[in-house]
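What shape does this take:
(one chain, ligands or ions: 1)
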Amino acid sequence: MNNILTAAYPWLKALHIIAVIAWMAGLLYLPRLYVYHADAPRGSNRAAMLEIMERRLLYGIMAPAMVMTYAFGALLAATPGVVDWHRGWIWAKLAIVALLTMFHLLLAHWRRDFAAGKITHSSRFYRVINELPTIMMIAIVLLVVVKPF
Ligand code: HEM
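Numbers count the residues shown, from 1 in each chain. Model prediction:
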């Protein structure tokens, strides 16, 4: 098993990065759709179209991409010699991944509110929280590539 993981390492990393890009694309774009949705009149054609776009993005792209990110990340972490668990970067990274996952779940929660015709927050709120996944993504990439501690 360890030999297979070591041989597959570049492929696992490539698939991990592909999944990360798809997940991040959704985490960055879905709050943007909420900015438009929060300003769309209730029951309008625009609101109905945004609801379809939000559902497809969340369940068609983001949820599978998140599962793939976790699956390939776990296989990378299980590959001998890839992670030194005494270093800090991997734990800091996993903590930020937990925050990104919470952000994903909050977006799913707000999507259900929109689908039920409830507008939970203002467009300004969604515009501000739209910055959070960018900051988390930058921190994760610096941690995994620079491994500063
Ligand atoms: C449970 C979730 C995750 C786990 C267990 C995990 C684990 C790992 C591991 C073990 C590596 C290999 C590190 C190395 O070769 O030195 C890796 C690489 C990488 N991860 Fe993750 N990861 C997860 C989620 C994420 C997320 C959410 C992002 C970005 C937002 C991300 C971005 C990256 C990148 C860019 C690399 C390539 C770094 C390099 O070139 O060495 N990962 N991940």
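
Which single residue in the protein comes nearest to the ligand?
Closest to the ligand within the chain is G73: 2.4 Å, counting by C-beta to the nearest ligand atom. Every residue, glycine included, has its C-beta placed from N, CA and C.

gap between the strand or helix carrying that residue and the chain center?
Under the criterion of DSSP states H and E, G73 resides in helix 63-78. In terms of C-alpha atoms, centre = their mean, to the nearest Å, the centre of helix 63-78 is set 12 Å apart from its chain centre.

Show me what it is packed up against.
With contacts defined as 3 or more C-beta pairs under 8 Å, 6 or more residues apart in numbering; DSSP states H and E, helix 63-78 has these neighbours: helix 2-39, helix 89-115.

Can you list the buried residues in it?
For helix 63-78, the neighbour count (16 or more other C-beta atoms under 10 Å) marks 65-66, 68-69, 72-73, 75-76 as buried.

now swap in stretch 92-112 and tell me
For stretch 92-112, using 16+ other C-beta under 10 Å, the buried residues are 92-93, 96-97, 100, 103-104, 107, 110-111.

Near the ligand, list only the ones from those.
Restricting the buried residues of stretch 92-112 to those adjacent to the ligand (criterion: C-beta under 6 Å from any ligand atom) gives 97, 100.
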